[in-house]
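Asker: coords below, sequence missing:
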Ligand SMILES: NC(=O)C1=CN([C@@H]2O[C@H](COP(=O)(O)OP(=O)(O)OC[C@H]3O[C@@H](n4cnc5c(N)ncnc54)[C@H](O)[C@@H]3O)[C@@H](O)[C@H]2O)C=CC1
Ligand SMILES: O=C(O)[C@@H]1CCC=N1
């Protein structure tokens, strides 16, 4: 599926790159993607790797894109907005991925443009992203459909109320980091049990991938699927017992809550 859209980015960091990598795979033509980043070397790298336009400064494209991603760190978002707000086209759809930056603030910053707040995650770069988005008052169903199509091209996208954004950030926004940690730890377990590192990491990652795929494709509750693996007096329950004793469930719940709380704090500053 390809979309006839000119897409700009303010900030060409890790998350912008993940989105670019996701949408250049058949959704948006690289020649229609424009990135502005403060760092010249970063621009060169992005231009070479993806065949997109990348420059220090956005003047060459800012008035001429259909969609503009705001993809800088929260701490410098005010400055980045001040640099572009008077130059951006009045119909350009502003898509902010800045953690904690509210629709109220965004709508006050951009006088006329429709604004959508998005929380994506880095697996977008391999077509398996999870994004949630909330529409501002000037963004209607047409804008929501554009955002949904753009993000769905590299994973899944759901529309949520803005009040859910902090929780989304704590779960799917930050979540890849929790799962990378989990995979690394599982791999360590395999190495401790005598496997070679490469094999252990492959086994760990494919197991996480397969289990996630089963949850998504069967629609069954994770506990039902867990039960299918767990033989009476078998190996699985021996492992599960250790995880329950060490509080894995509670640790994951607390991790999501801590990240959610941090997102709330960022939004208040
Ligand atoms: N990394 C992640 O997994 C996720 C990040 N986010 C959000 O995405 C945003 C960006 O995060 P990252 O990509 O991880 O950060 P990053 O630090 O990798 O990238 C930010 C980039 O913006 C550039 N920059 C800063 N000010 C600029 C300006 N005024 N004009 C042009 N370029 C400018 C920097 O040189 C840098 O390359 C953050 O607000 C974060 O909250 C959201 C979801 C997931
Ligand atoms: O760590 C962060 O603040 C950002 C937001 C979600 C993922 N990374």
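Answerer: That came through fine. The structure displayed is predicted, hence computed values, not measured ones. Ligands and ions are numbered 1, 2, ... in the order given.
Asker: what secondary structure does the residue lying farthest from the centre of the chain sit in?
Answerer: Largest separation from the mean C-alpha position in the chain: residue 233, at 40.3 Å (Cα atoms, centre = their mean). Assigned with DSSP: H, G, I helix; E, B strand; the rest coil, residue 233 falls in the coil class.
Asker: now do the contacts for the residue of the stretch 1-150 of the chain found nearest ligand 2.
Answerer: In the stretch 1-150 of the chain, the residue found nearest to ligand 2 is residue 99; the distance is 4.0 Å by Cβ to the nearest ligand atom. Any C-beta I mention is one placed from the backbone N, CA and C, and that applies to glycine too. Counting by Cβ atoms under 8 Å, 6 or more residues apart in numbering, residue 99 touches 74, 119, 169, 173, 263, 266.
Asker: next one, pLDDT for the residue farthest from the centre of the chain please.
Answerer: pLDDT for residue 233: 97.
Asker: quick one, phi psi at it?
Answerer: phi 60, psi 30 (degrees, to the nearest 10).
Asker: how much space between it and ligand 2?
Answerer: 41 Å (Cβ to the nearest ligand atom, to the nearest Å).
Asker: residues touching that residue, list them.
Answerer: Counted by Cβ under 8 Å, 6+ apart, residue 233 has zero contacts.
Asker: before we move on, what SS does residue 35 have?
Answerer: Assigned with three-state DSSP, residue 35 falls in the strand class.
Asker: would you mind measuring from it to residue 99?
Answerer: Distance of residue 35 to residue 99, computed by Cβ to Cβ, to the nearest Å: 20 Å.
Asker: one more: residue 19?
Answerer: For residue 19 relative to residue 99 (Cβ to Cβ), the value is 15 Å.
Asker: repeat for residue 233
Answerer: For residue 233, the distance to residue 99 - Cβ to Cβ - is 46 Å.
Asker: and if you look at residue 27?
Answerer: 24 Å.
Asker: residue 135 too?
Answerer: 18 Å.
Asker: the residue of the chain found nearest ligand 2: how many residues sit nearby?
Answerer: Among the residues of the chain, residue 173 lies nearest to ligand 2; the distance is 3.4 Å by Cβ to the nearest ligand atom. Close neighbours of residue 173, defined as other Cβ atoms under 10 Å, add up to 26.
Asker: also residue 171?
Answerer: Residue 171: 21 neighbours (other Cβ under 10 Å).
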